[in-house]
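Student: Take this sequence and fold it.
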Amino acid sequence: MLFKQLQQQRRSIYSLGKNIAQTPETISDIVTTAVKASPTAFNNQSVRVVVLTGNSHDKLWQIVIDSLKTQVSDQAAYTKSIEKIKNSFLSAYGTVLFYTDMSVVKSFEQNVPLYAENFYDWSEQGHAIAEYATWLALTENGMGASLQHYNPLIDDQVAAAFNIPNAWRLRAQMPFGEILAVPSNKDTIADDERFKYFN
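Tutor: Model prediction:
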């Protein structure tokens, strides 16, 4: 598949299932390769990743459900959120957790003071690249995914459940799995509102 086609095929897939051809070991290799090949500022490699499948995946989304129960006072809103989690994220095959190792960011802030105020922003850019590369790699292997942000609501509980180092800051969750339904065509704004070209 051409890269352009792969980019167009990648979408936010919310209708996910557990029936995929890949093993957990294959998934781990796909994610590891995508993240290791992604650039970071000063090659500081501040992105950290945790891949959850099986019971660990289920445990994560139960943490989200339990956390929302204490935070969402509107019963209708809570019910709607839980329904989405159970029918999409929990029903997926697995989840990739993306973290920033803040000890790396702070080390570069101290050791390269000229750019100190930029290193956190640059770590976020590194994250975006790693997340997109992972998403494309999953797409290339016939899987669907979406990107979620229940952090910081779940940070402490997830850290305790999966023995996450204190210096790691949770940035995103990517549930992935079998594609059960493809979304409708994606709307985009007019090119002349978005792009400028000069020669």
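
Student: contacting residues for the residue nearest to A21 when sequence neighbours are not counted?
Tutor: Nearest non-adjacent residue to A21, counting by CB to CB, 6 or more residues apart in numbering: G142, 7.2 Å away. No exception for glycine: its C-beta is placed from N, CA and C like everyone else's. For G142, the contacting residues are I20, A21, I179, taking CB atoms under 8 Å, 6 or more residues apart in numbering as the criterion.

Student: Of those, just say which sits nearest to V104.
Tutor: I20 (32.4 Å; CB to CB).

Student: now the helices: where do they sit in this protein?
Tutor: 3-9, 24-36, 54-71, 75-84, 102-111, 119-140, 155-162 (DSSP state H).

Student: I'd like to know which of those lies nearest to A172.
Tutor: Evaluated with CB to CB, those place helix 119-140 nearest to A172, the distance being 6.2 Å.

Student: Packing partners of the closest one?
Tutor: On a contact count with 3 or more CB pairs under 8 Å, 6 or more residues apart in numbering; DSSP states H and E, helix 119-140 meets helix 3-9, helix 24-36, strand 47-53, strand 94-101, helix 102-111, strand 144-145, strand 168-179.

Student: which stretches of this structure have low pLDDT?
Tutor: Low-confidence regions of the chain, defined here as pLDDT under 70, cover residues 1.

Student: that older thread, buried members of the contacts of G142 into PyMOL, please.
Tutor: Only the buried members of the contacts of G142 enter the following PyMOL selection, criterion being 16 or more other CB atoms under 10 Å:
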select buried, resi 20+179
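
Student: P183 is in contact with S12, isn't it?
Tutor: Yes - under the contact definition of CB atoms under 8 Å, P183 touches S12, with a separation of 6.9 Å.

Student: Now G17: closest residue in space, sequence neighbours ignored.
Tutor: Nearest in space to G17, with sequence neighbours left out and distances taken as CB to CB, 6+ apart, is E178 at 3.7 Å.

Student: Let me know whether the one you found touches A21 as I believe.
Tutor: No - using CB under 8 Å, E178 is not in contact with A21; the gap is 9.3 Å.

Student: Which strand residues bridge V51?
Tutor: According to DSSP bridges, the partner residues bridging V51 are V96.

Student: Could you list which residues are in contact with it?
Tutor: Counting by CB under 8 Å, 6+ apart, V51 makes contact with P24, I27, S28, V31, G94, T95, V96, L97.

Student: Same check on V158?
Tutor: Here V158 is in contact with L60, I63, L97, I164, L170 (CB under 8 Å, 6+ apart).
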